[in-house]
Each structure stands twice: as structure tokens, then as C-alpha cells.
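Undergrad: sequence first, then the predicted structure, then my questions.
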Amino acid sequence: MTLAIDIGGSGARALATDDPDAPGTEARELRWDRARVDDEPGQVVELARSVLGGRVPDAVAVAFPGSLDAAGVVRRWPNRPWWTGVALTARLDFGVPPLVDDDAYLAALAELAARPEARPDGLFYLGLGTGVGGAWAQPGGGLVRCEPGHLIVRPDGEPCSCGRRGCLQAHLRTADAAWALALAVANLAEICAFRRLVVGGGTSGPALLRDVAELLPRVARPGTDLPRPEPARHGAGSSLRGALLAARLRAPSCDERTPT
């Protein structure tokens, strides 16, 4: 059995399963309890234990939008600074040390697995939520983590949680969200080689993708071969799906398990 956890700005999801494709297999979700802001990590532990039901998983993977130090302690999460200093890896050890990785990276892993034909062309994943995460699948190569949410789209623009002004993620909360996203994608296309642009996360939607597709030719350099935005196949669940995939890849085979 594998345990996957996705921690985000509005809450968390968890899924413990032997077969994620089995009928009726659904994640359990929580929304942060504002009365327990100081114990949000504890809420995640309770959620995980509720889906485990007393079982010990073979592997655990966690999608997390912040950054950890080498000891597994939260070093930085601008959108929820009170998590700084939390020993996240230790808190989420349910009998096996968890793999904690960037949520957008894991989402991209899941979306790339759903599109094996995209590997030769390259793929860029954007996860739109409380923040904006991303990962670049190089043409025929590896998967690279990045922070597209902090691309500057308007130097004198909206204040961002990172302390600067004009970041993409700050402008996704305004009326010029589509313009900001189109400009960011045009800039990314100048630096990274990709023909597939996959957009997921809780705040993405058909209308936004349509507007971005229409604006891209207007903000890009003339003659640039631009990708057309397409929705994530796993919707807002890409990070959890990627965590599950990472956990399953990490789980020991039957021959490697300790006999009981």
C-alpha cells in the first residue's frame, strides 16, 4: 500500500491505496481549520492517519509547495510563513520515511506520464493555485523544477508574498490575470524549449486558458512558435497523482519487504 499526500494553500488531500485506478478510489480532503492555524501540520497528520486506518504503508510521498532543508525541516513557504521550522519529514513518518517533493514537479510527473507522446517535444506544466508552481520537461530529457510564479510581469505592479512587486502569482488575482499569464508563458517560451503547455491547479479553468491562447500571439515575439495551453488531465489532482506515482516507484518489491 502506498500513501500520497498533497499539501496546499487551502488545505490538504491524502490517499492510501494499492490500486489508484480501482473503482471508488478517492482522496480524502481537508480544509484548514482557522481555529488551528498554528497546528496545520497536525491536521495533515490526522488526515493521513484517517486514510491509513492503522495500516503501515510501503512508501509515502508528499507534494509540498514550500522548500525544505537537508534535514527535512521547512525552510520557506511565503504563502504560509508559520510553517517555517516545522520538521515535516519527521512529522509525516508513518513507519517509513516520506519522500517530500515540490508539488508542481510531482504534478508535471503525473501529466507527463499521461502524455508519453509529449516527451520528444518538451512540456511545461503550470500549477495555478494560492501560488504558481511549475516544472519543465525538457525535450527527450529530464524534469526541471522552477518558480514561474515569481516571474515579473509588471515591475510596478501588485505586491507579492515574496516581498517584491509584479510577480505573476500576484497578478493572477486581478482582472489582468490572462494577460499576465500569457506574458509569462511567452517569456518562458523564449528560454525553454517546449511545445506542450499544461495548466492545472485549483484556479485554472477553460475561460482562462481560452483567453491566454488568444493573447499569446499578441504578447510574443512575431514568428515565435507558441504552444497552445491545454488543461491538466488530472485536473486539480495532478500533484496528488504525481505523489502517488512517486510513492509507488519508491515502494519495495515483494522480494525486498521484510518478512512478517
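TA: That came through, no problem. Numbers count the residues shown, from 1 in each chain.

Undergrad: how distant is the helix or strand hosting Ala135 from the center of its chain?
TA: Here Ala135 sits within strand 132-137, counting by DSSP states H and E. Centroid displacement of strand 132-137 relative to its chain, using C-alpha atoms, centre = their mean, to the nearest Å, is 8 Å.

Undergrad: neighbouring contacts of that strand?
TA: 65, 102-105, 107-109, 112, 118-119, 122-127, 143-149, 168-169, 172, 192, 194, 201 (C-beta atoms under 8 Å, 6 or more residues apart in numbering). All C-beta atoms are positioned from the backbone trio N, CA, C, and that covers glycine.

Undergrad: what lines up beside it in the sheet?
TA: strand 123-128 (antiparallel), strand 143-146 (antiparallel) (DSSP bridges).

Undergrad: buried stuff in the shortest one?
TA: By that I understand strand 143-146. For strand 143-146, burial by neighbour count (16 or more other C-beta atoms under 10 Å) applies to Cys146.

Undergrad: state the distance from Ile5 to Arg196.
TA: Applying C-beta to C-beta, to the nearest Å, the value for Ile5 to Arg196 is 27 Å.

Undergrad: quick check: closest non-adjacent residue to Gln138.
TA: Nearest non-adjacent residue to Gln138, counting by C-beta to C-beta, 6 or more residues apart in numbering: Gly122, 5.9 Å away.

Undergrad: same thing with Ile7?
TA: Phe64 (5.1 Å).

Undergrad: kindly report the same for Pro120.
TA: Gly140 (5.3 Å).

Undergrad: can you map out the helices along the stretch 151-260 of the chain?
TA: Remark: helices assigned in the stretch 151-260 of the chain by DSSP state H, counting those that start in this stretch are 168-171, 177-191, 206-219, 238-250.

Undergrad: show residues contacting the first one.
TA: Residues external to helix 168-171 that are found in contact with it (C-beta under 8 Å, 6+ apart): 131-132, 148-154, 157-161, 177, 180-181, 184.

Undergrad: which of these count as buried?
TA: 131-132, 148-154, 157-158, 160-161, 177, 180-181, 184.

Undergrad: surely Thr130 touches Gly8?
TA: Yes: using C-beta atoms under 8 Å, Thr130 is in contact with Gly8, at 6.6 Å.

Undergrad: which one's more surrounded, the two?
TA: Between Thr130 and Gly8, Gly8 has the larger neighbour count (other C-beta atoms under 10 Å), namely 24 against 18.

Undergrad: surely the more buried one touches Gly202?
TA: Yes: Gly8 lies in contact with Gly202 (C-beta under 8 Å); the separation is 7.5 Å.

Undergrad: overlap in contacts, these two.
TA: With C-beta under 8 Å, 6+ apart as the test, Gly8 and Gly202 both reach Gly129.
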